[in-house]
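**Student:** just the structure for this:
(2 chains)
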Amino acid sequence: MRLGLLAVPLAFFALFFAYPVVAIVGRGLTDGGHWQFGRFGEVLGDPDIAHVLWFTVWQAAASTALTLLIALPGAYVFARFEFPGKQLLRAVVAVPFVLPTVVVGTAFLALAGRGGLLDELWGVRLDTSVWAILLAHVFFNYAVVVRTVGGLWGQLDPRQEEAARVLGAGRLAAWRRVTLPALGPAVAAAALMVFLFTFTSFGVVQILGGPTFSTLEVEIYRQTADFLDLPTAAVLTLVQFAAVLGVLAVHAWTVRRRESALRLVDASRTARRPRGGGQWALLWGTLAVIAVLLLAPLVVLVERSFAGPDGYSTVFYTSLRSAASAEGTFSVAPLDALWNSLAYGAAATVIAVVVGGLAAAVLTLPRLRRGPSGRTPAISRFVRGFDVLLMLPLGVSAVTVGFGFLISLDTPPLDLRASWWLVPLAQALVGVPFVVRTMLPVLRAVDVRLREAAAVLGASPWRAWREVDLPLVRRALLIAAGFAFAVSLGEFGATVFIARPDRPTLPVAVARLLGRAGETNYGQAMALSNLLMVVCAGALLVLERLRPADHSGEF
Amino acid sequence: MTAEHTTAREPELLRLGGVSVRFTAAGPPALDAVDLDVAAREIVCVLGPSGSGKSTLLRVVAGLQQADAGQVLLEGREQRGVPAHRRGVGLMFQDHQLFPQHDVAGNVAFGLRMRGVSRAERERAVAGLLDLVGLPGTQRRAVASLSGGEQQRVALARALAPRPRLLMLDEPLGQLDRGLRERLVVELRSLFRELGTTVLAVTHDQGEAFALADRVVVMHEGRIAQSGTPLEVWQRPASEFVARFLGFDNVVEATVRGRAAATPWGAVPVPDGTADGPCRLLVRPAGVRLTAAPEGLNATVEARTFRGTHVSLLLEPAAGPRLEAACPLRDAPEVGARVGLSFAERDVVVLDAGGPAD
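**Tutor:** Numbering: from 1, shown residues only, chains lettered A, B, ... in the order given. The predicted structure is shown next:
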């Protein structure tokens, strides 16, 4: 039965992930039926590529360090302080994370790019420096740290630290010896997540990097789309794949350590009003950081979208409705992209929830009975590996997946190139990891003995699942669906390849508009980004209402 | 569920034959060839320290744990291959395991709903059961808002609702405070008597077991160490393990010859009919009599503990291991006093030649 449930997600991943990726990598690395492994040496020996590799690692490490530095105090503030408007602020902080990377790039362009707010005011431009990329990455990942670390921090029993104090440890020593070790795995997990996201960063670097800065993912896109150099793209894809696999392995290891027994309490009981000047300064400092780093880009994005040629107006919005206004960028009205995005996103959500939900259910089925030898059966080890496999789409080059779709799903019965479903299938791939990550902790938290209680009272296994598990996970299911929807809306790397020119999605339309000169194009890009932001933020705020207060998941 | 008063011996409702469960290949088995019969309407309490296999025993009967060997018969029928939800037994979990998404009525009615009982009938049954457990009118309350004792009663009502042929209780009063426990144990016993329910309970608390059960079964490392009425077990512990588990620590090596045994404490009288030879001997604290100092075995009072009805003394004798004695409040000597000791025959128990307790 476990294998039966496993079949759907396995088939999905085999067909729509492994097959396209293998196909395109294979095509790049073979020549006349022979494998050309020498290309690794050629490509990696190229000084330009070496520079890209170095920059990719460097900027990911720097972004991660900067994010931790800025967000860890924030995690503490959200975990331990009680202040008015905290719930709202917690939701606001999470908005950037669900924003499409294209919107994040656009927002920073509007703040610090050419003709941006800082340029107009003080002549400061960051889009030519690496700072724009780093700050955009902090903007994007602030919530990852606050949620992952802060969620746990708020549930750590303060009495543990008090016990250390009573035993003679100073305030700092108590924190270092008791709280820090407990938080360590969560900090590591958050850092690895941020590293993973920034290592594979595409939309942000594509928009803010200009010709100077390029990550692996951007380089894969350039080699594939601009130069049609598949061998180089294939090598880079494999390099990125290997790196991501390494990061994911370490992540899985830290997550398992994090599940070690900690004394957790209700988060609402550990927070209190700040006391003393230091704590108030910390609170206000955090609020200032949030205002400058998180809110300002969003506010500027809104402002720019209304800043028409003749003062503030809605001209960029109204012109979205006609195809002619876009100076030949599209054959359809840009606003159509909104309806395309919503329809694709809805379909992708359904796919992601079915596939991810089944996968999470399989991973949490009652453990198979250990054999008399006391060893874990092979199937259990396989299922555990499946857990990591499900995370892979987060890290494998979306560009490769998108291009792989184009070249591999072209023969009947899998000729999907012209199919409307091609885009939702690719977007669902990115949504599945989020669904699994949201569902797993909740499903794991369902006490096995509740199911046993139901069984003893006469409920068959299926009935017990319906009566006990389903009501408890219904809310998580809705949250997972919301996440999948937001992520699908923002998916860019794969969609940019496979969305048909007459059916662009919002991020694709924004990128295309930004790629053209002209004030109208720029303004319309801002306006479209705004629409996308409103939809994503709306989805997130609905989620926040559903989310239980003591949530301590990963996203 | 009416209480029929009958003196005829009831047939066996549950019979375990040679049941063994092994979780790991290397370690000791959780259950080691356990034989146990429970007659209809009997209340049997399995008593043992944690890790002795008590809970595993219940899980095997409920069908939540498969036995590696042996058979489980309910009303004479082999239960191998019968899944938990078709066994028709009730199990009250250690920490209740009430369904958080259902209110009190939803929890109590769960088993009836699984059996397709009509709504009207369910409501009637729930009201009756809540009256029975002393929580009338609480149908719509959320289970999270209940106190520990109330949750306990709801869990009991839920387990009773489908009228199981055998009701099993895992540490039924484990998490409640002392006063509530003592009251509930009396209530439970009279309730089960009234309903004629067959009960198999497990607990680590001897007071609970003795108050609740018709028959007590002491378990040790997956085996049954002794089975008998509470009085039998209390008065005649079968092995050193049982004696020490019940809190009796005055156990020594002895060699019986006629009506007395030679021990490190000197000669101790033994009951008539005791076989000659080496054995382990238990002297219950009540059997350690204090005399004037120069008589009998000399000892120093090391500590005295007030126990309410008597004072418990820890004595360091001139020879042999320490001794515990129970003496009336008025006669208790001070710490450091020197006393003489003698032993009363009726509180001396010859233990089976089982291994030493660990």
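
**Student:** from here on, contacts and neighbour counts on C-alpha atoms
**Tutor:** Will do.

**Student:** which residues are contacting stretch B:219-236?
**Tutor:** With contacts defined as C-alpha atoms under 8 Å, 6 or more residues apart in numbering or on different chains, stretch B:219-236 is touched by B:28-35, B:46-49, B:51-54, B:209-210, B:213-218, B:237-239, B:241-242, B:246, B:349.

**Student:** just the buried members of the residues you listed?
**Tutor:** Buried subset of the contacts of stretch B:219-236 (neighbour count, 16 or more other C-alpha atoms under 10 Å in any protein chain shown): B:29-35, B:46-49, B:52-54, B:209-210, B:213-218, B:237-239, B:241-242, B:246, B:349.

**Student:** returning to that earlier point: filter the contacts of stretch B:219-236 down to just the ones in helices.
**Tutor:** Filtering these for membership in helices, criterion DSSP state H, returns B:Lys54, B:Ala209, B:Phe210, B:Phe241, B:Val242.

**Student:** and the third one, what does it touch?
**Tutor:** What it means is B:Phe210. Per C-alpha under 8 Å, 6+ apart, neighbours of B:Phe210: B:Val216, B:Pro230.

**Student:** how far away is it from chain A?
**Tutor:** 27 Å (C-alpha to the nearest C-alpha, to the nearest Å).

**Student:** repeat that for B:Asp177.
**Tutor:** From B:Asp177 to chain A the distance is 22 Å (C-alpha to the nearest C-alpha).

**Student:** for that residue, give its distance to B:Phe306.
**Tutor:** Per C-alpha to C-alpha, to the nearest Å, B:Asp177 is found 21 Å from B:Phe306.

**Student:** need the contact list for the residue of chain B found nearest chain A.
**Tutor:** Here chain B gets closest to chain A at one residue, B:His85, 3.9 Å apart by C-alpha to the nearest C-alpha. Contacts for B:His85 (C-alpha under 8 Å, 6+ apart) come out as A:Ala454, A:Ala455, A:Val456, A:Leu457, A:Gly458, A:Ala459, A:Ser460.

**Student:** among the contacts of stretch B:219-236, which are located in strands?
**Tutor:** B:Leu31, B:Asp32, B:Ala33, B:Val34, B:Asp35, B:Val46, B:Leu47, B:Arg215, B:Val216, B:Val217, B:Val218, B:Val349 (DSSP state E).

**Student:** skipping adjacent residues, who's closest to the third one in space?
**Tutor:** Read that as B:Ala33. B:Gly18 (3.9 Å; C-alpha to C-alpha, 6 or more residues apart in numbering or on different chains).

**Student:** next one: B:Val185
**Tutor:** Counting by C-alpha to C-alpha, 6+ apart, the residue nearest B:Val185 is B:Leu212, at 6.1 Å.

**Student:** same thing with B:Ala155?
**Tutor:** That would be B:His96: by C-alpha to C-alpha, 6+ apart, it lies 5.6 Å from B:Ala155.

**Student:** what pLDDT is listed against that neighbour?
**Tutor:** Note on B:His96: pLDDT of 83.

**Student:** my read: it touches B:Arg153, true?
**Tutor:** No - under the criterion of C-alpha atoms under 8 Å, B:His96 makes no contact with B:Arg153, lying 9.3 Å away.

**Student:** which one of the two is surrounded by more residues?
**Tutor:** Neighbours were counted for B:His96 and for B:Arg153 using other C-alpha atoms under 10 Å in any protein chain shown; B:His96 has more, 25 against 22.

**Student:** distance check, that one against B:Leu169.
**Tutor:** 10 Å.

**Student:** residues contacting the residue nearest to B:Ala33?
**Tutor:** Applying C-alpha under 8 Å, 6+ apart, the residues near B:Gly18 are B:Asp32, B:Ala33, B:Val34, B:Asp35, B:Ala69, B:Gly70, B:Gln71.

**Student:** could you look up the SS state of it?
**Tutor:** strand (DSSP: H, G, I helix; E, B strand; the rest coil).

**Student:** now swap in the one 5 residues further on and tell me
**Tutor:** Classification of B:Phe23 using three-state DSSP returns coil.

**Student:** residues near residue 130, how many?
**Tutor:** The chain I'm using is chain A. Neighbours of A:Val130 under the rule other C-alpha under 10 Å: 15.

**Student:** the chain in question should be chain B.
**Tutor:** 23.

**Student:** same check on A:Ser460?
**Tutor:** For A:Ser460, using other C-alpha under 10 Å, the count is 18.

**Student:** ok, now A:Phe83?
**Tutor:** Neighbour number of A:Phe83 under other C-alpha under 10 Å is 14.

**Student:** pLDDT at the residue lying closest to it once chain neighbours are set aside, what is it?
**Tutor:** Nearest residue to A:Phe83 in three dimensions, chain neighbours excluded: A:Arg273, at 6.3 Å (C-alpha to C-alpha, 6+ apart). With respect to pLDDT, A:Arg273 scores 78.

**Student:** any idea how far A:Arg273 is from A:Gln279?
**Tutor:** 9 Å.

**Student:** where does chain A get nearest to chain B, which residue?
**Tutor:** For chain A, C-alpha to the nearest C-alpha, closest residue to chain B: A:Gly458, 3.9 Å.

**Student:** check the secondary structure at that residue for me.
**Tutor:** A:Gly458 - assigned by three-state DSSP - is coil.

**Student:** could I get the contacting residues of it?
**Tutor:** B:Ala84, B:His85, B:Arg86, B:Gly88, B:Gly111, B:Met114, B:Arg115.

**Student:** so which of those residues sit within helices?
**Tutor:** Per DSSP H, these map to helices at B:Gly111, B:Met114.

**Student:** in ChimeraX, select just the buried ones from the contacts of A:Gly458.
**Tutor:** In ChimeraX, this line selects whichever of the contacts of A:Gly458 come out buried by 16+ other C-alpha under 10 Å:
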select /B:84,85,86,88,111,114
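
**Student:** show me which of the contacts of A:Gly458 is closest to A:Ala484.
**Tutor:** Closest approach between the contacts of A:Gly458 and A:Ala484, by C-alpha to C-alpha: B:Met114, at 35.4 Å.

**Student:** and B:Phe99, how far is that from A:Ala481?
**Tutor:** B:Phe99 is 25 Å from A:Ala481, by C-alpha to C-alpha.

**Student:** so for those two, which residue has more residues nearby?
**Tutor:** Counted by other C-alpha under 10 Å, B:Phe99 and A:Ala481 do not tie: A:Ala481 has more neighbours, with 29 against 23.

**Student:** is it true that that one touches A:Val353?
**Tutor:** Yes - with contact defined as C-alpha under 8 Å, A:Ala481 and A:Val353 form a contacting pair (6.1 Å).

**Student:** what sits in contact with each of those two?
**Tutor:** Common neighbours of A:Ala481 and A:Val353 (C-alpha under 8 Å, 6+ apart) are A:Val435.

**Student:** give me the element B:Ala225 is part of.
**Tutor:** strand B:223-228 (DSSP states H and E).

**Student:** could you point out which element follows that strand?
**Tutor:** helix B:230-235.

**Student:** next, the buried residues of that following helix.
**Tutor:** Result for helix B:230-235 [16+ other C-alpha under 10 Å]: buried residues B:Pro230, B:Val233, B:Trp234.

**Student:** can you redo these as TSV with pLDDT and distance to A:Pro334?
**Tutor:** Compiled in TSV, the buried residues of helix B:230-235 are given as follows (pLDDT from 0 to 100; distance: C-alpha to C-alpha, whole Å):
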residue	pLDDT	distance to A:Pro334
B:Pro230	93	85
B:Val233	92	87
B:Trp234	90	88
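
**Student:** which parts of the stretch 101-250 of chain A are strands?
**Tutor:** Ranges of strands in the stretch 101-250 of chain A, per DSSP state E, counting those that start in this stretch: none exist.

**Student:** where in it is pLDDT low?
**Tutor:** Scanning the stretch 101-250 of chain A for pLDDT under 70 picks out A:114-115, A:123, A:127.

**Student:** helices of that one, start to end?
**Tutor:** A:101-112, A:117-122, A:130-155, A:158-166, A:171-174, A:180-199, A:203-208, A:216-221, A:230-258 (DSSP state H, counting those that start in this stretch).
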